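A.B. asks: Curious how this folds, go ahead:
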Amino acid sequence: MDRRAFLLTIPAAAWAQTARSDAADAGSAHRVEITLERMAGSGWRAVPPGLVLDHDDRVRFRFRSNFDGYLYVMNRGTSGSYTLLFPRDETGRENNISAGREVVIPATGAYFRVSGPPGHDVVYWVMSPVIMGEAARPQYVPLPPPPESPPPPANLLPRCDDAMLRARGECIDSSAGPRQPDASEPLPDNLAGLPGVRSRELVIMRRQNQTVLSSPSPMDGPVIYEFRLAHR
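C.D. replies: Got it, this is the predicted structure:
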């Protein structure tokens, strides 16, 4: 049995990226916007970031920032496995993000399929003003390899928040979605060891199904935050 939390699937037909209007506060010095989407029927639908997903659900992310940088995404599954989600061949190698340009992750017409034991995946997002690794090389340079998979984490099962239960019966876990890294949980070795990488105080705002993370001060070094993905 495959115990990873994400399985990458590439459908026969790729989808087209669409433009969206700016939904964040213009007064924020630096901000990023992230939206979780789930396949519903034959199309994609934005869903609440705390939605408790089902086994085999197909998901992807929309991402936009108001500053230039390089994006890296890594997942710690509920089985304890670590996977570099982006950039890589299957999800797209071009991780240079231009200010104001929306990108979809995966960027290749693929999608992630939810798998693994029930619990909370931790998807780490790193936005860096410079390319990681050997900056002198013009081609893509990956993050250091993900660490060896430790024993499965002590994972709490997702819980439905009665106050956020939707009329259509969706289960919403208020502890899921984007957040700052938990100081009590050490970062994976390959992220903690990156020069200058750090978490920072962020203002997190949720607007319908979109989450905006903003910082009153410029993000002048690699910044890391988490997206906790709840699934059963």
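
A.B. asks: Would it be right to say that residue 191 lies in a helix?
C.D. replies: Yes - Residue 191: assigned to a helix according to DSSP: H, G, I helix; E, B strand; the rest coil.

A.B. asks: surely it meets residue 126?
C.D. replies: Yes - contact criterion C-beta atoms under 8 Å: residue 191 and residue 126 qualify, at 6.6 Å. (Glycine included, C-beta is placed from N, CA and C.)

A.B. asks: for residue 213, what are its contacts?
C.D. replies: Residue 213 makes contact with 31-34, 178, 202-204, 225 under the criterion C-beta atoms under 8 Å, 6 or more residues apart in numbering.

A.B. asks: where does this protein dip in pLDDT?
C.D. replies: Residues of the chain meeting the criterion pLDDT under 70: 1-28, 133-145, 149-155, 163-168, 194-200, 218-220.

A.B. asks: repeat that for 80
C.D. replies: The chain contains residues with pLDDT under 80 at 1-29, 130-156, 162-169, 182-187, 189-202, 207-208, 215-222.

A.B. asks: all strands of it, in order?
C.D. replies: In the chain, strands defined by DSSP state E lie at 6-9, 30-40, 43-47, 58-65, 69-76, 82-86, 96-97, 103-105, 111-114, 119-128, 177-179, 203-207, 210-215, 223-231, listed in chain order.

A.B. asks: closest to residue 161 out of these?
C.D. replies: Closest to residue 161 of the strands of the chain is strand 223-231 (C-beta to C-beta; 10.7 Å).

A.B. asks: Next, the angle from the closest one to strand 203-207.
C.D. replies: 40 degrees (axes from the mean of the first three to the mean of the last three C-alpha atoms, to 10 degrees).

A.B. asks: residues near the closest residue to residue 46 other than its chain neighbours, how many?
C.D. replies: With sequence-adjacent residues excluded and distances taken as C-beta to C-beta, 6 or more residues apart in numbering, residue 46 is closest to residue 209, at 4.1 Å. Neighbourhood size, residue 209 [other C-beta atoms under 10 Å]: 15.

A.B. asks: want to throw the strands of the chain into CSV with distance to residue 186?
C.D. replies: Formatted as CSV, the entries for these read as follows, by distance: least, C-beta to C-beta, whole Å:
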stretch, distance to residue 186
strand 6-9, 22
strand 30-40, 23
strand 43-47, 30
strand 58-65, 24
strand 69-76, 11
strand 82-86, 13
strand 96-97, 27
strand 103-105, 25
strand 111-114, 25
strand 119-128, 12
strand 177-179, 16
strand 203-207, 22
strand 210-215, 21
strand 223-231, 12
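
A.B. asks: quick one: which of the ones you listed is nearest residue 148?
C.D. replies: With distances scored as C-beta to C-beta, the stretch of those nearest to residue 148 is strand 82-86 (8.2 Å).

A.B. asks: list the contacts for residue 146?
C.D. replies: Under the criterion of C-beta under 8 Å, 6+ apart, the contact partners of residue 146 comprise 74, 82-84, 188, 190.

A.B. asks: ok, so what distance separates it from residue 188?
C.D. replies: In this structure, residue 146 and residue 188 are separated by 7 Å, where distance is defined by C-beta to C-beta, to the nearest Å.

A.B. asks: which residues are in contact with both of these two?
C.D. replies: Residues within reach of residue 146 and of residue 188 at once, by C-beta under 8 Å, 6+ apart, are 74, 82.

A.B. asks: closest to residue 169 out of the strands of the chain?
C.D. replies: Across the strands of the chain, residue 169 has its closest neighbour in strand 43-47 (13.3 Å, C-beta to C-beta).
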